[in-house]
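> here is the input, now give the coordinates:
(one chain, ligands or ions: 1)
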Amino acid sequence: MTAAPNAARMPASLVLAGAGKMGGAMLAGWLDAGLDPRATTIVDPVPARAIVDLCAQRGIRLNPTEPEPGAVLVLAIKPQGLDAAAFGLDRLVGSDTLLVSILAGKTIADLRTRLPRARAVVRAMPNLPASIGRGATGACASPEVTPAQRDTADALFAANGAVAWLADEAQIDAVTAVSGSGPAYVFLLVEALAEAGIAAGLDPAVAQALARATVAGAGALLDASPEEAAELRRNVTSPGGTTAAALDVLMRPDGLAPLMREAVAAAKRRAAELAG
Ligand SMILES: NC(=O)c1ccc[n+]([C@@H]2O[C@H](COP(=O)([O-])OP(=O)(O)OC[C@H]3O[C@@H](n4cnc5c(N)ncnc54)[C@H](OP(=O)(O)O)[C@@H]3O)[C@@H](O)[C@H]2O)c1
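Numbers count the residues shown, from 1 in each chain. Reported below is the predicted structural model:
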């Protein structure tokens, strides 16, 4: 995981292709981190009202007739739209443009086939909390990516939360299975804890409110603390107490750890199946 971003590390110019849920969320973080709106171009055939308004307010170029390649081209369209969009997108790649793709399942080789002008490519997998600047992104760089380009990509991802660089592109499927899909596992934990609270005798509304606040609060505490998660867990577990009784169930050999391993392995397999 790397340091916080700053304006000096933002690219001199950036083109964002696809300003949907993820593209729009990432853009908000970049602007907050100091990306120059006047050096920013958005290409999106049917931009949402919020994007149109943002562009008008901040002076961002939106769908210019002849878009110029920038220092960075970020691809945030749906993966299934890549083939149809490839010709137009390739024209947004200049000789020194860094291509950054967040398209699930599209490898660096797939991207090069569709956008033959691309040389330096970073492939990344962000996650949903990027929309509040609390995302986790796993990223890998092709050998053509210069140290300066990698630093720029790092600053862009860091503006959306934590970033981890991978030595090997093959690990992206594991990133997808851990942090890409991970927020859904945590939401499920809230649902399961609330259901268990109802079974233990609480009113549904009370169980749901307590489960939600507990997971959100524990996450915030973890974030604020220098301690590892295992240490925080041990700190709240008195020997022979109530938490220990519950953890004896969750940590038995067929408990949460093997179930999570199985779930992550299934997601990783699915990510590999969807590639191409
Ligand atoms: N959402 C997540 O949690 C998440 C997490 C990790 C990675 N991703 C990746 O992020 C990418 C975008 O996902 P999303 O959820 O943000 O999808 P989305 O909301 O549908 O956004 C995609 C945007 O791209 C636009 N678009 C379509 N064709 C285009 C073209 N030729 N040129 C420029 N823009 C074009 C779409 O416009 P229309 O609506 O008019 O088609 C839409 O505004 C996907 O590749 C996904 O794998 C998403």
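
> how about the residues of the stretch 51-200 of the chain by the ligand?
Proximity of the stretch 51-200 of the chain to the ligand is assessed by CB under 6 Å from any ligand atom, with 76-79, 81, 85, 102-104, 125-128, 180 identified as the residues in range. The C-beta positions use only the backbone N, C-alpha and C, and glycine is treated the same way.

> these in strands, which ones?
In this view, these that belong to strands under DSSP state E are residue 125.

> not counting sequence-adjacent ones, nearest residue to the residue of the chain found nearest the ligand?
In the chain, the residue that lies nearest the ligand is residue 20 (1.8 Å; CB to the nearest ligand atom). The spatial neighbour of residue 20 that comes closest, neighbours along the chain excluded (CB to CB, 6 or more residues apart in numbering), is residue 76 at 6.7 Å.

> break this structure into its domains for me.
What the record gives for the chain is the domain set 7-172, 182-274, from automatic domain parsing.

> before we move on, the earlier item: check whether the residue nearest to residue 20 really touches residue 26, as I assumed.
Yes - look at residue 76 against residue 26 with CB atoms under 8 Å: they come within range, at 6.8 Å.

> mind telling me what element residue 217 is part of?
For residue 217, the host element (DSSP states H and E) is helix 204-224.

> sorry, that was for residue 139
Taking DSSP H and E as the definition, one finds residue 139 inside strand 135-141.

> quick one: contacts of that strand?
When contacts are taken as CB atoms under 8 Å, 6 or more residues apart in numbering, the neighbours of strand 135-141 outside the stretch itself are 108, 120-130, 149-150, 153-154, 157, 160-169, 171-172, 175, 179-180, 182.

> what about residue 76 and residue 26, which has more around it?
Neighbours were counted for residue 76 and for residue 26 using other CB atoms under 10 Å; residue 26 has more, 27 against 22.

> CA atoms of the strand holding residue 139 as PDB?
Taking only C-alpha atoms (Å, rounded to 0.1, in the frame of the first residue of the first chain), the coordinates of strand 135-141 have been written out as PDB:
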ATOM      1  CA  GLY A 135     -11.500   2.000  -2.300                       C
ATOM      2  CA  ALA A 136      -8.800  -0.600  -2.600                       C
ATOM      3  CA  THR A 137      -7.100  -1.000  -6.000                       C
ATOM      4  CA  GLY A 138      -4.800  -3.800  -7.200                       C
ATOM      5  CA  ALA A 139      -2.700  -2.800 -10.200                       C
ATOM      6  CA  CYS A 140       0.000  -4.100 -12.500                       C
ATOM      7  CA  ALA A 141       2.100  -2.400 -15.100                       C
END
